[in-house]
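In: predicted model and sequence follow; I will ask about them next.
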Amino acid sequence: MTQTPLHTEAVSAHLPSADVLAQLLAAEAVLACLTGRAPLRLETVRLGAGGVTYAATPDPRAMRSNRGLLDEVVMTALAPGVAAELLGVASPTPGRDPRALLADALTEPEELATLDAYLLVLKGRARAALRRAWAEVQVVAAGLREYGVLDAQAVGHRVACAQGIRGTLLN
């Protein structure tokens, strides 16, 4: 039985199962895939050691000058933790630290003073984005469970398939 994002049991203190880990990694991969921005270009998603790997590292200077880029990079880094909350499980250690990404890009003392509030807003936006794209997350997670590793093209293909199915069913 696949867990839904509306799962409300208490957060488990145990390590996530392969099924749950696949969903957490898929959540990050799907948000990265949906943005198409350079620092979020996937190389691979690996079930197990490695997790989600990207083609580039986010540049704090670029994120300072482009608030949309900053928001998307941080929301993608928040995705595994947000997905864990939606599933009611403990979150494994994230790949990219959302707090550090945000702190590196903010330079004004007034902005740094609101870092926690800014993270909370981005977490809410990431939650909403994941709820909208949960079908894509499940399709990518199924691919991860089957193959253990997916490259960027395979993730993109699965996201497009899930979107096509949803479009067909809703029309």
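Out: That came through fine. Numbering: from 1, shown residues only.

In: sticking with residue 168, tell me its helix or strand.
Out: Secondary structure from DSSP states H and E places residue 168 in helix 152-170.

In: give me the buried positions along that helix.
Out: 152, 154, 155, 156, 157, 158, 159, 162 (16 or more other Cβ atoms under 10 Å). Backbone N, C-alpha and C define where each C-beta goes, glycine included.

In: max-length helix in the chain?
Out: The helix that spans the most residues within the chain, counting by DSSP state H, is helix 67-87.

In: and that one, what does it pack against?
Out: Judged by 3 or more Cβ pairs under 8 Å, 6 or more residues apart in numbering; DSSP states H and E, the packing partners of helix 67-87 are helix 18-35, helix 60-65, helix 98-105, helix 115-132.

In: just send those helices back as CSV, with mean neighbour count, mean pLDDT and distance to residue 52 too.
Out: What follows is those, written out as CSV (neighbours: other Cβ atoms under 10 Å; pLDDT from 0 to 100; distance: least, Cβ to Cβ, whole Å):
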stretch, mean neighbour count, mean pLDDT, distance to residue 52
helix 18-35, 25, 94, 5
helix 60-65, 16, 92, 18
helix 98-105, 18, 93, 13
helix 115-132, 16, 97, 14
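
In: can you put those in JSON lines and add distance to residue 43?
Out: JSON lines is the format used below for the helices and strands packed on helix 67-87 (distance: least, Cβ to Cβ, whole Å):
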{"stretch": "helix 18-35", "distance to residue 43": "10"}
{"stretch": "helix 60-65", "distance to residue 43": "19"}
{"stretch": "helix 98-105", "distance to residue 43": "18"}
{"stretch": "helix 115-132", "distance to residue 43": "21"}
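
In: and the gap between the spatially most central residue of the chain and residue 90?
Out: The centroid of the chain falls nearest to residue 28 when counting by Cα atoms, centre = their mean (2.1 Å). Separation of residue 28 from residue 90 (Cβ to Cβ, to the nearest Å): 16 Å.
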